[in-house]
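Enquirer: This is a predicted model, with the sequence first.
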Amino acid sequence: MTHYFHRQIQLWGEEVQASLQGKKIVIIGCGGLGSSLAYALGSSGIGEIHVVDFDTVSVHNIHRQITFKLGDEGKYKADIVKESIESRCPFVKVYAHIGRLEDFTCKEIDVDLILDATDNLPTRALIDTYAKSVKTPWIYGSVEAFNGQVCFFEKSNFKPFVISNKTSSGIAAPIVMHIASLQANLALRYLAGLSVKKDVLYYLFFSEEGELITQKLGMPK
């Protein structure tokens, strides 16, 4: 294991790396954000990863969901994520939960961090309620077009977000990986015991001139 994680051990030492083996997380959703999160955090040495998703792979998913390939259509996303991550990193145990968030919460599995990889605001509101009930922080992420949002929720809540039925404008594949990467970095820093700015929403977007802009917004508590 020391050789496998050599570059991370250079970053923070063997003790911190070993501590990650004892961490448990749950990723809600195994699509674009979820599969990228599982890759990033599984490859970082998080010891136990639970993935929750009720859906199966469709052709239109594959361009932005890095775990899946042509031929996976009809298979459960959570099962494929489990197989892919465990084959990539033998030091990680992945548990696939086929179902919705409510099905997972009924199992009363304790985790250190909850990661949102869903695609709708009502489910994220349920994640916030669940996270508050078990006193566990969660990391929100969303993508649309070339834009994305990330927030580490601890004391603030998700209620200020407006639930709407606006039609999606589509999603570019790279922004999915970008936002998942930011979520994974926040998660890894937190689980490794490093400082993390909490309850701040980061909104990333490209201006009409093609400039990448990041805005920071404090979330009400």
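Expert: That came in fine, so what should we check first?
Enquirer: for the chain, which helix is longest?
Expert: If you go by DSSP state H, the chain has its longest helix at helix 173-191.
Enquirer: quick one: the helices in this structure?
Expert: Going by DSSP H, the chain shows helices at 6-20, 32-42, 77-88, 101-105, 121-133, 173-191.
Enquirer: Using neighbour counts, pick out the buried residues of stretch 112-125.
Expert: Buried residues in stretch 112-125, counted by 16 or more other CB atoms under 10 Å: 112-119, 123-124. (Glycine included, C-beta is placed from N, CA and C.)
Enquirer: Return the subset of those residues lying in strands.
Expert: Among the buried residues of stretch 112-125, the members falling in strands (DSSP state E) are 113-116.
Enquirer: Relative to L204, which of the residues you listed is nearest.
Expert: D116 (16.2 Å; CB to CB).
Enquirer: how near is D103 to H97?
Expert: Distance of D103 to H97, given as CB to CB, to the nearest Å: 7 Å.
Enquirer: oh sorry, the question was meant for H50
Expert: From H50 to H97 the distance is 6 Å (CB to CB).
Enquirer: Give the intersection of the neighbour lists for these two.
Expert: Contact criterion CB atoms under 8 Å, 6 or more residues apart in numbering; residues shared by H50 and H97: F104.
Enquirer: residue contacts, A173?
Expert: Contacts of A173 by CB under 8 Å, 6+ apart are 32, 63-64.
Enquirer: what's the neighbour count on the closest residue to P137 other than its chain neighbours?
Expert: Distances taken as CB to CB, 6 or more residues apart in numbering place E154 nearest to P137, at 4.6 Å, with adjacent residues excluded. When neighbours are defined as other CB atoms under 10 Å, E154 has 18 of them.
Enquirer: Would you mind listing the residues in contact with E154?
Expert: 137, 198-199.
Enquirer: What is the nearest of those residues to Y190?
Expert: Nearest member of the contacts of E154 to Y190, counting by CB to CB, is P137, at 7.2 Å.
Enquirer: For the closest one, list the residues it contacts.
Expert: 113-114, 131, 152-154, 190, 198.
Enquirer: same thing with G141?
Expert: 33, 115-117, 148-150, 179-180, 182-183.
Enquirer: Which strand residues bridge it?
Expert: Note on G141: beta-bridge partners by DSSP bridges are V150.
Enquirer: Could you report the pLDDT at it?
Expert: Looking at G141, its pLDDT stands at 96.
Enquirer: and what of K166?
Expert: 55.
Enquirer: now swap in the one 5 residues further on and tell me
Expert: If you check I171, the pLDDT there is 87.
Enquirer: same question, L204
Expert: For L204, pLDDT reads 93.
Enquirer: what's near enough to touch it?
Expert: 147-150, 178-179, 182, 212-215.
Enquirer: Including distance to F54, pLDDT and neighbour count, could those go into TSV?
Expert: Listed next are those as TSV, based on distance: CB to CB, whole Å; pLDDT from 0 to 100; neighbours: other CB atoms under 10 Å:
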residue	distance to F54	pLDDT	neighbour count
N147	26	92	17
G148	24	94	23
Q149	24	94	19
V150	24	96	24
H178	26	95	19
I179	22	96	25
L182	26	97	18
L212	34	94	10
I213	35	94	11
T214	33	94	11
Q215	33	93	10
